[in-house]
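Peer 1: give the three-dimensional model of this entry:
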Amino acid sequence: MWQRQLGTVFANPVYVSTAIFIAWAVFTFAVLLPNIQLIGVVLFSDTASALEKANFLFSLYGSIGTNFTLVSASSTVVIAILFGINVTLLLYYIRKVRDAVSNLRSTGAAGISGLISGVLGIGCAACGTFVLTSVLALIGAGALVTYLPFKGVEFGFIGIGLLLYSTYSLIRKINSPLVCRIEE
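Peer 2: Numbers count the residues shown, from 1 in each chain. Next comes the predicted model:
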């Protein structure tokens with residue numbers, strides 16, 4: 001059942017390119033976020049040429065293999081792919097039922113919750129969960145992540161679960177008819 005809906009949506013090259021672009025943007029955000037200060041220094045440097053700056057940015061994609069553990073790198077890639085698929089399915093669904101906005105609330109909330117939880121779980125081997133540790137440090141609770149069994153990678157798993165649920169819900173809604181059921 002779900003293969004047919006995915007096939008229907010992704011038969012259109014616009015939706016395929018949208019999913020790829022969004023997945024790439026989320027992955028880029030996840031990989032470049034731990035290096036944001038370094039990126040700022042290099043990009044605003046007067047000594048490097050534009051080509052050197054571009055090569056530097058491109059080289060940072062390699063940090064997924066060196067700065068991330070296998071589990072956190074895998075969850076980062078899965079979250080990026082699922083988020084691209086999820087947003088694309090949501091766009092398809094919105095176009096299909098523009099008048100029924102109330103049906104979007106629960107599915108959209110699960111997708112957004114999945115992305116937020118996934119972003120909180122982004123991290124590298126050296127610094128742990130980058131975003132969550134920084135947020136907790138603001139309120140003086142940064143060490144709490146070290147007490148978790150997977151040191152914050154749990155948020156990545158929760159994000160994957162929420163994105164899978166949101167994707168499943170969207171596929172079911174895409175498949176359902178656009179009319180109300182008649183109760184007898």
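
Peer 1: report the buried residues of the top helix by length along the chain.
Peer 2: Ordering each helix of the chain by length in residues (DSSP state H) puts helix 70-96 first. By 16 or more other C-beta atoms under 10 Å, the buried positions in helix 70-96 come out as 72-73, 75-93. All C-beta atoms are positioned from the backbone trio N, CA, C, and that covers glycine.

Peer 1: over to residue 48: give its phi and psi.
Peer 2: Phi and psi for residue 48, reported as degrees, to the nearest 10, are phi -100, psi 140.

Peer 1: before we move on, what about residue 47?
Peer 2: phi -90, psi -20.

Peer 1: strands of the chain, start to end?
Peer 2: Under the criterion DSSP state E, the chain contains strands at 123-124, 128-129.

Peer 1: just the helices in this protein please.
Peer 2: 2-10, 13-32, 36-43, 50-59, 63-66, 70-96, 104-120, 130-138, 154-175.

Peer 1: make JSON lines out of those helices and add mean pLDDT.
Peer 2: Below are the helices of the chain laid out as JSON lines (pLDDT from 0 to 100):
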{"stretch": "helix 2-10", "mean pLDDT": "77"}
{"stretch": "helix 13-32", "mean pLDDT": "90"}
{"stretch": "helix 36-43", "mean pLDDT": "86"}
{"stretch": "helix 50-59", "mean pLDDT": "89"}
{"stretch": "helix 63-66", "mean pLDDT": "79"}
{"stretch": "helix 70-96", "mean pLDDT": "85"}
{"stretch": "helix 104-120", "mean pLDDT": "55"}
{"stretch": "helix 130-138", "mean pLDDT": "48"}
{"stretch": "helix 154-175", "mean pLDDT": "79"}
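
Peer 1: separation between the closest residue to residue 81 other than its chain neighbours and residue 49?
Peer 2: Nearest residue to residue 81 in three dimensions, chain neighbours excluded: residue 23, at 5.1 Å (C-beta to C-beta, 6 or more residues apart in numbering). Distance of residue 23 to residue 49, given as C-beta to C-beta, to the nearest Å: 30 Å.

Peer 1: neighbour count: these two, which is higher?
Peer 2: residue 23 (21 against 9; other C-beta atoms under 10 Å).

Peer 1: check contacts around the more buried one.
Peer 2: 80, 81, 83, 84, 85 (C-beta atoms under 8 Å, 6 or more residues apart in numbering).
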